[in-house]
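Visitor: Provide a 3D model corresponding to the input given below.
(one chain, ligands or ions: 1)
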Amino acid sequence: MKTEIAIVGGGVVGASIAYHLTQRGCRDVLILEREDSLGLGSTGKATGGVRAQFETDININLSLYSLDFFRDWDFDCEYEPRGYLFLAADSSHLEYLKRTGKRQRELGYREVEIVDREMIASMVRGLNCDDIVGGSFGRRDGFINPLAVLEGFMVEAAMNGARVKTGTFVRSIEVQNGRVTGLRTSERKLECDNVVVCSGAWAKTLAATAGIDLPVEPQRRQIVWARAAEPLSPDLPMVIDISNGFHFRPARDFHTAAAADDREVLFAFPDPDEPPGFSTDFDESFIEIVAEKAAHRAPFLNGASIVYEKCRAGLYENTPDHHAILGGCEVDGLYFANGFSGHGVMHSPATGQALSEIILDGSANFLDVSCLHIDRFARGELLHETAFI
Ligand SMILES: Cc1cc2nc3c(=O)[nH]c(=O)nc-3n(C[C@H](O)[C@H](O)[C@H](O)COP(=O)(O)OP(=O)(O)OC[C@H]3O[C@@H](n4cnc5c(N)ncnc54)[C@H](O)[C@@H]3O)c2cc1C
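Guide: Okay, here's the model as predicted:
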């Protein structure tokens, strides 16, 4: 039997595409996942941040659509608009925040504001503000539960006919005369008309079986979980020092229903020395590297105890311009939704909407996402975003 649309990868992106396709009445949708359950890839490692404070129009627009979706969804994905607070420690960074904030407001994110040092000090107890010259705060940014988002998409997709096959590794994509004809899995050959590659950091090898060079590289991201000596500021937002990418947020364990502990905090920074690779081992020497940045910016963490069993590492899936790859390619019936760097959860609603429209209508109509087509790399039309962490 032939399947109409096979989705490879059961993370939040594959689930969103299945949800949006089935919402449009497409019933013959099959998700193939190599693990025994869904969400064990990067989705299960994400910190759950959502924001529309980006630099490029496309990232701002993908986020604004997705923030509205999270807010209005009848499924509770635990959207908490506590805000993202970006800190500038020199005037060039503050100018950057003013310029990007202006563009964000022009595109409809009216709640972004420039804040001064006094305001920042009142928002985050125990922050070192001595060298801060200002910042920006976007109050619709905040947090969601990535596993709840995945569950919400899957429950509704399954009710509308989508099927899931776990424990199924997709080895290759079969192509004849420039068109997808099927997939070869660990068990058998599966005939299908369309394939959507949503296999996150592992997508490059699979794309190569169809003759496509997908420029997506895995890179380990490590997160430190600590317990501060004092309770954190109430309603602590995500706080990001743009001089080095050091950031922290109140900790939340998405794998349990336990209430958050008001002293627990997650912190990290994008380590420029981390090479590409598939390792997801947490390396304890990272704690020392990031602790130095924490000691400067967040002295309230001095004396915090590390919760070793909750420190973790997962994979970012990076593209050369740190923007996603969305849409089809030169092989008919083959589509990609990959390369989200640290933004795949927050952009999952817009991605699902875009891919469903591209597959069913030929192009995305709710938003022009053509600048994210894979062709941009061959054409040398890379995008430029510095607000990635
Ligand atoms: C530490 C960390 C923090 C992050 N924080 C945030 C955040 O705050 N906000 C945010 O928006 N994003 C964040 N991200 C990024 C986000 O997690 C990813 O962009 C997102 O989860 C990507 O979803 P996905 O469904 O594409 O990939 P994944 O969740 O990785 O799913 C891909 C799936 O494909 C399966 N698969 C792979 N190859 C095959 C194959 N050949 N056959 C069958 N199955 C296959 C895998 O097993 C996996 O389940 C973070 C990531 C990390 C690592």
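Visitor: For burial, what's the neighbour tally of the residue in the stretch 251-389 of the chain positioned nearest to the ligand?
Guide: Of all residues in the stretch 251-389 of the chain, residue 344 sits closest to the ligand, at 2.2 Å by Cβ to the nearest ligand atom. Backbone N, C-alpha and C define where each C-beta goes, glycine included. When neighbours are counted by other Cβ atoms under 10 Å, residue 344 registers 27.
Visitor: Please determine how far residue 324 is located from residue 343.
Guide: Distance, residue 324 to residue 343, using Cβ to Cβ, to the nearest Å: 7 Å.
Visitor: hmm, back to that, pull the contacting residues for the residue of the stretch 251-389 of the chain closest to the ligand.
Guide: 11-13, 42-43, 46, 200, 317, 324, 351 (Cβ atoms under 8 Å, 6 or more residues apart in numbering).
Visitor: Could you name every residue contacting both of residue 324 and residue 343?
Guide: Going by Cβ under 8 Å, 6+ apart, residues that sit against residue 324 and also against residue 343 are residue 62.
Visitor: Now that residue 262 has come up, it's in contact with residue 231, right?
Guide: Yes. The pair residue 262 and residue 231 qualifies as a contact (Cβ atoms under 8 Å) at a distance of 4.5 Å.
Visitor: Near the ligand, which residues of this protein are found?
Guide: 8-14, 32-35, 40-43, 45-49, 169-170, 198-202, 206, 221, 223, 314-316, 340, 342-346 (Cβ under 6 Å from any ligand atom).
Visitor: so of the residues you listed, which ones are in helices?
Guide: 12-14, 206 (DSSP state H).
Visitor: Out of these, flag the one nearest to residue 304.
Guide: Distance to residue 304, by Cβ to Cβ, is smallest for residue 12 among those, at 30.0 Å.
Visitor: Check which helices and strands the host helix or strand of residue 191 sits against.
Guide: Taking DSSP states H and E as the criterion, the element that holds residue 191 is strand 189-197. Contacts defined by 3 or more Cβ pairs under 8 Å, 6 or more residues apart in numbering; DSSP states H and E place strand 189-197 against strand 3-8, strand 170-176, strand 179-185, helix 203-208, strand 334-338, helix 348-361.
Visitor: Pick the most buried one from the ones you listed.
Guide: strand 334-338 (a mean of 26; mean count of other Cβ atoms under 10 Å).
Visitor: Send over stretch 200-219 as CSV, restricted to the C-alpha atoms.
Guide: Extracted C-alpha coordinates of stretch 200-219, given in CSV (Å, rounded to 0.1, in the frame of the first residue of the first chain):
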residue,chain,number,x,y,z
GLY,A,200,16.9,17.1,13.1
ALA,A,201,20.6,17.0,13.5
TRP,A,202,20.8,13.7,11.7
ALA,A,203,19.2,14.8,8.5
LYS,A,204,22.3,15.3,6.3
THR,A,205,23.0,11.6,5.9
LEU,A,206,19.5,10.8,5.0
ALA,A,207,19.2,13.6,2.5
ALA,A,208,22.4,12.4,0.8
THR,A,209,20.7,9.1,-0.1
ALA,A,210,18.4,11.1,-2.4
GLY,A,211,21.4,13.0,-3.8
ILE,A,212,20.8,16.2,-1.9
ASP,A,213,23.6,18.0,-0.1
LEU,A,214,21.8,19.3,3.0
PRO,A,215,24.1,21.7,4.9
VAL,A,216,23.0,20.8,8.4
GLU,A,217,25.7,20.2,11.0
PRO,A,218,25.2,18.8,14.6
GLN,A,219,26.7,20.7,17.5
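Visitor: how about that stretch: buried residues?
Guide: 200-204, 206-207, 210, 212, 214, 216-219 (16 or more other Cβ atoms under 10 Å).
Visitor: do you know how far the closest residue to the ligand within the stretch 101-250 of the chain is from residue 93?
Guide: Relative to the ligand, the nearest point of the stretch 101-250 of the chain is residue 200 (2.8 Å; Cβ to the nearest ligand atom). According to Cβ to Cβ, residue 200 and residue 93 sit 31 Å apart.
Visitor: Endpoints of stretch 239-248, how far apart?
Guide: 6 Å (Cα to Cα, to the nearest Å).
Visitor: re earlier: which members of the residues of the chain next to the ligand are classed as buried?
Guide: Among the residues of the chain next to the ligand, those buried by neighbour count (16+ other Cβ under 10 Å) are 8-14, 32-35, 41-43, 45-49, 170, 198-202, 206, 221, 223, 314-316, 340, 342-346.
Visitor: Many thanks, I have nothing further to ask.
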